[in-house]
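Peer 1: Following is a predicted model, sequence given first.
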Amino acid sequence: MTPNNRIRWIAKPAVWVLCLAPLGVLVWRIVNQDLTANPAEFMNRYLGEWALRILWLALAVTPLRIITSWNQAIRFRRLLGLFAFFYVTLHVSSYVVADQCFDWLAIWNDIIKRTYITLGMGALVILVALALTSWGAMVKRLGGKNWIRLHRGVYIAGVCAAIHFIMMRKGFQIEPLIYAGILAALLATRLGPILKKRQAQKLRT
């Protein structure tokens, strides 16, 4: 079996199974009425944390390729990004449906008054734009350079999501800081080569 076939028929289906497993666990807990004393809060946090984890995995693809020179890793980036968007959508939907019961005025007031929700919704808007333009045909429509600029917005979405997580967990808590530290390491690994390339271009001009 060729490397391409291994990725297509083994690795990618495995990613599908692994990414859907957390949702399967949540469904199992819902069926068994095992959602703690506050089901709405549990579902919202559970889905939000898995959205972060999978988004971080998507952001780790390029650093992994840079460090290991495994160019095939790039073939998992879109799939992981779309799964991250899927869990973000479920996270926001649980807030709208289970927490706010479609009270759009209350939701709007939360977006305006609560900074962490403002940041979370900002991350959602960016990820919606990236999901809608993730297909190959959109690269041609937008142009390669414009497409790349747009999709660098994922870093802004990641920063917004990390701050959202820190602010949501009121008081000093280690877990959100660990997530933020991982994101900082991923961004440093990704942005390092970009800054070096720009510096080299300046020296040549």
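Peer 2: Nice, thanks for sending it over. Residues are numbered from 1 along each chain as shown.
Peer 1: Extract the CA atoms of the worst-scoring helix or strand of the chain on mean pLDDT and return them as CSV.
Peer 2: When the helices and strands of the chain are scored by mean pLDDT, DSSP states H and E, helix 3-6 comes last with a mean of 78. Presented in CSV, the C-alpha positions along helix 3-6 are these (Å, rounded to 0.1, in the frame of the first residue of the first chain):
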residue,chain,number,x,y,z
PRO,A,3,1.8,6.2,1.6
ASN,A,4,-1.1,8.1,-0.1
ASN,A,5,-3.4,5.1,0.2
ARG,A,6,-2.4,4.6,3.8
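Peer 1: how many other residues sit next to Asp34?
Peer 2: As a burial measure, Asp34 scores 11 neighbours (other CB atoms under 10 Å). Placement of C-beta: from N, CA and C, glycine included.
Peer 1: and it, what helix or strand is that in?
Peer 2: Following DSSP states H and E, there is no helix or strand that holds Asp34.
Peer 1: What count of nearby residues applies to Arg6?
Peer 2: 12.
Peer 1: now swap in Asp99 and tell me
Peer 2: Neighbours of Asp99 (other CB under 10 Å): 16.
Peer 1: Equivalent analysis for Arg114, please.
Peer 2: Neighbour count of Arg114, defined by other CB under 10 Å: 14.
Peer 1: residue ranges with poor pLDDT in the protein?
Peer 2: Within the chain, the stretches with pLDDT under 70 are 192-201, 203, 205.
Peer 1: Identify the residues contacting Ile112.
Peer 2: Thr118 (CB atoms under 8 Å, 6 or more residues apart in numbering).
Peer 1: Render the CA-only coordinates of the helix or strand harbouring it in CSV, please.
Peer 2: Following DSSP H and E, the helix or strand that holds Ile112 is helix 104-113. The C-alpha trace of helix 104-113 is given here as CSV (Å, rounded to 0.1, in the frame of the first residue of the first chain):
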residue,chain,number,x,y,z
TRP,A,104,-31.8,36.3,21.6
LEU,A,105,-32.0,39.5,23.6
ALA,A,106,-30.1,37.9,26.5
ILE,A,107,-27.6,36.4,24.1
TRP,A,108,-27.0,39.8,22.5
ASN,A,109,-26.6,41.4,25.9
ASP,A,110,-24.1,38.7,26.9
ILE,A,111,-22.1,39.4,23.7
ILE,A,112,-22.0,43.1,24.4
LYS,A,113,-21.4,43.0,28.2
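Peer 1: Starting from it, tell me the next helix or strand along the chain.
Peer 2: Per DSSP H and E, the first helix or strand lying C-terminal to helix 104-113 is helix 115-132.
Peer 1: list the helices and strands the next helix or strand after that next one packs on?
Peer 2: Next helix or strand after helix 115-132 toward the C-terminus (DSSP H and E): helix 136-142. When contacts are defined as 3 or more CB pairs under 8 Å, 6 or more residues apart in numbering; DSSP states H and E, helix 136-142 sits against helix 144-151.
Peer 1: who touches Trp190 in this structure?
Peer 2: If you look again at residue 190, you'll see it is Arg, not Trp. Listed by CB under 8 Å, 6+ apart, the contact set of Arg190 reads Leu59, Thr62, Pro63, Ile66, Tyr155.
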